[in-house]
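>>> what follows is a predicted structure for the sequence shown.
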Amino acid sequence: MISETDTINEIRKAIVENCFIVEDAVAISSTSEINMGWLFDLRAVFLTPTVLSAYSELFWERHKDKQFQICGVELAAVPLITAIILNFHKKGRTINGFIIRKSRKKTGLLKNIEGKVTNEPVIILDDLINSGGSVMRQVEIVREFQLKIIEVFTILRFRDVEYYKNLNEAGVPIYSLFDLNDFRDKLGVSNLPPPQVKTQICDPFYNNALWYFKGLAPNFFYVVPKSGPVASGGRVFFGTDDGTFFAINAGSGDVVWKYKIPFGTRGKFIFSTPSIYKNLVFFGAYDGNLYALNQKTGKREWVFMEADWIGSSPCVAIDLGLVFVGLEFGLFKKRGGVVAINASTGEKVWEYRTPELTHGSPAYSSKYGVVACGSNDGKLSVFDAKTGKLVWDFQTEGDIKYAPTFSDKHGVVVVLGHGAIVYVLDIKTGRPITTYAMDFGGYSSPLIIENTIICTSFDKHVHSFEIMTGKPIWKFNTGARCFATPNLIQGKVYVGSNNGRLFELDPVTGNVEGIFYTRERIVNKIAYDEETHTFFVPTFANELYALKKRVT
């Protein structure tokens, strides 16, 4: 019979000989802010019978007398779960296992989990744990089923156990076969020091947030920005995938009132982020209407009904008393447009038609008296806000799906579309001042801070560059595609990504100063209540987390 020490040494030997990759030998791409010049590719030995057998035997010895089920994230956990289930079966015990998908399936049943989930306690399996972000997401998903987590069982841990404070506070212990110190003599590596993360935005579990809200019937098919939250007057307003528009008490999470639109199209109901004007809240819907509801009561004050669909988010010119929104039509060569509506009465003031759908949202500059909006034809059009007269338009290289951003200080408007180029254009003439090239385009609005532009992209990065020169300042890898618009709150940049993480970034350096984890993608800009210092974090699954920032 092989001893536990011999089994451990067998796995260690396989890791040393097959899994340690250094940059001198092969190109290494790093998603962290620091490229260490090496990595552990444990999957290189996951399909070898000796390693899997040794691994599953060590797991058996540790957990043979417990009742549990096992889970983990694809791809690494698939062979690990299979090996353990087969080994337990060989020894006369049946245990359940399920796989957590890296991202929700986009076809068929749109599932986040493969396999059956029972009511037994859970052991989470992973090949290695570094920052703990992957494990955090798994914990969130498991806790949705209200299951106890016995342990996180991993092969290799990069940091001291004390680093994983959130897991420790949640009562989720970590057990690892090895840490980096175990390979110090052979490979010259040692446990990593804690990163420079000064703050944590609340705990990474929704039941420790101020409150958590979830709308009914989320549509997982559309992985795009939907109706984001807007905080005003002690309430949070946003729409959901079943066509319900909510006013939520910002302090308690209770529903104050709700309004249901009559129908949508192709599973789309409300993708429009609301805007506020006096006692009114505006939003568009895929029944073709722009609604104006009373903020306090939810009563419909007026409705504009001339479009076929509205996915655009309205924009208000407070000084003019106008609300602007993009329109979509099922007409040949007249499929889009922009309309200006009297914000108090709902009467149309002017309208401009475009050849392609206008899902993009308008933005307004009071200093220059113009409104800008992009369309699916890739054009950014700028209009006189009072008359609707076209001042100029500019052809970009891809569909424009979100709002541009004005900088009155610099006299420019910045637009980001599905093309890889961010354009900085002169407000008066449309002449390009500068451009900035990303690897892919985006589905968000640029954020302007002083002389800096910050953009998110499908290339998984948050980009920062100088507004008038296009000179790069910093670039941060979120680990997943970014659809969310960044937001500046109390001197920090907050931006979500498609891996369900909300990052707090230093706007000058791009360094991470806090992370909040959710189960689902964060595709919209977060909201913030200045009076109560509360963050409102949405996901594309109609979830809303109310959080307080925690200083550690």
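Everything's here; your move.
>>> and stretch 310-320, C-alpha only, in CSV?
Only the C-alpha atoms of stretch 310-320 are listed here, as CSV (Å, rounded to 0.1, in the frame of the first residue of the first chain):
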residue,chain,number,x,y,z
ILE,A,310,-36.9,51.8,-28.2
GLY,A,311,-33.7,50.3,-26.8
SER,A,312,-32.0,53.7,-26.4
SER,A,313,-31.6,55.4,-23.1
PRO,A,314,-33.2,58.9,-22.9
CYS,A,315,-31.2,62.0,-22.2
VAL,A,316,-32.6,65.2,-20.7
ALA,A,317,-31.6,68.8,-21.4
ILE,A,318,-32.8,70.4,-18.2
ASP,A,319,-32.2,74.0,-19.4
LEU,A,320,-34.4,73.3,-22.5
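>>> hmm, who's touching it?
The contact list for stretch 310-320 (C-beta atoms under 8 Å, 6 or more residues apart in numbering) reads 228, 268, 271-277, 282-286, 288-290, 322-328, 343, 358-364, 366, 371, 373, 385-386, 403. Heads up, the C-betas are built off the backbone N, CA and C, glycines and all.
>>> now it: mean pLDDT?
Mean pLDDT, stretch 310-320: 97.
>>> with stretch 226-242 instead?
On average, stretch 226-242 scores 96.
>>> list the buried residues of it.
Going by neighbour count (16 or more other C-beta atoms under 10 Å), the buried part of stretch 226-242 is 226-232, 235-242.
>>> just those residues now: which is nearest Gly470?
Closest approach to Gly470 among these (C-beta to C-beta): Gly228, at 28.2 Å.
>>> nearest spatial neighbour of that closest one, skipping sequence neighbours?
Among residues not flanking Gly228 along the chain, Asn524 sits closest, at 3.4 Å (C-beta to C-beta, 6 or more residues apart in numbering).
>>> quick revisit: whichever of the contacts of stretch 310-320 end up buried, select them in ChimeraX.
Here is the ChimeraX command that selects only those of these that count as buried (16+ other C-beta under 10 Å):
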select :228,268,271,272,273,274,275,276,277,282,283,284,285,286,288,289,290,322,323,324,325,326,327,328,343,358,359,360,361,362,363,364,371,373,385,403
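>>> inside strands: which ones of the contacts of stretch 310-320?
Counted as lying in strands by DSSP state E, out of these, are 275-277, 282-284, 290, 322-328, 363-364, 371, 373.
>>> which SSE is immediately downstream of the lowest-mean-pLDDT helix or strand in the chain?
Lowest by mean pLDDT, DSSP states H and E among the helices and strands of the chain is strand 199-200, with a mean of 46. Once strand 199-200 ends, the next helix or strand along the chain (criterion: DSSP states H and E) is strand 211-214.
>>> quick check, Gln138 in a strand?
No - counting by DSSP: H, G, I helix; E, B strand; the rest coil, Gln138 is not part of a strand but helix.
>>> hmm, it is touching Ala76, no?
No - counting by C-beta atoms under 8 Å, Gln138 does not reach Ala76; the two are 11.6 Å apart.
>>> show me whatever sits in contact with both of the two.
Asp126.
>>> these two - which one has more neighbours?
Gln138 (24 against 19; other C-beta atoms under 10 Å).
>>> next one: the more buried one from Trp257, what distance?
37 Å (C-beta to C-beta, to the nearest Å).
>>> try Asp319
Relative to Trp257, and taking C-beta to C-beta, Asp319 is found at 29 Å.
>>> Gly115 now?
Taking C-beta to C-beta, one finds Gly115 at 40 Å from Trp257.
>>> repeat that for Trp350.
32 Å.
>>> quick one, strands of the stretch 101-250 of the chain?
113-114, 122-129, 149-157, 174-179, 199-200, 211-214, 230-232, 235-239, 244-249 (DSSP state E, counting those that start in this stretch).
>>> ranking these by burial, who's on top?
strand 235-239 (a mean of 26; mean count of other C-beta atoms under 10 Å).
>>> and that strand, C-alpha only, in PDB?
Presented in PDB, the C-alpha positions along strand 235-239 are these (Å, rounded to 0.1, in the frame of the first residue of the first chain):
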ATOM      1  CA  ARG A 235     -35.200  55.500  -4.600                       C
ATOM      2  CA  VAL A 236     -33.500  53.400  -7.300                       C
ATOM      3  CA  PHE A 237     -35.200  53.100 -10.700                       C
ATOM      4  CA  PHE A 238     -34.500  50.400 -13.400                       C
ATOM      5  CA  GLY A 239     -36.300  48.100 -15.800                       C
END
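>>> where does the stretch 101-250 of the chain dip in pLDDT?
Residue ranges of the stretch 101-250 of the chain with pLDDT under 70: 105-109, 195-208.
>>> try the chain
In the chain, residues with pLDDT under 70: 1-2, 23-36, 105-109, 195-208, 550-552.
>>> pretty sure Gly239 is touching Ala247, no?
No - Gly239 is beyond contact range of Ala247, at 10.9 Å (criterion: C-beta under 8 Å).
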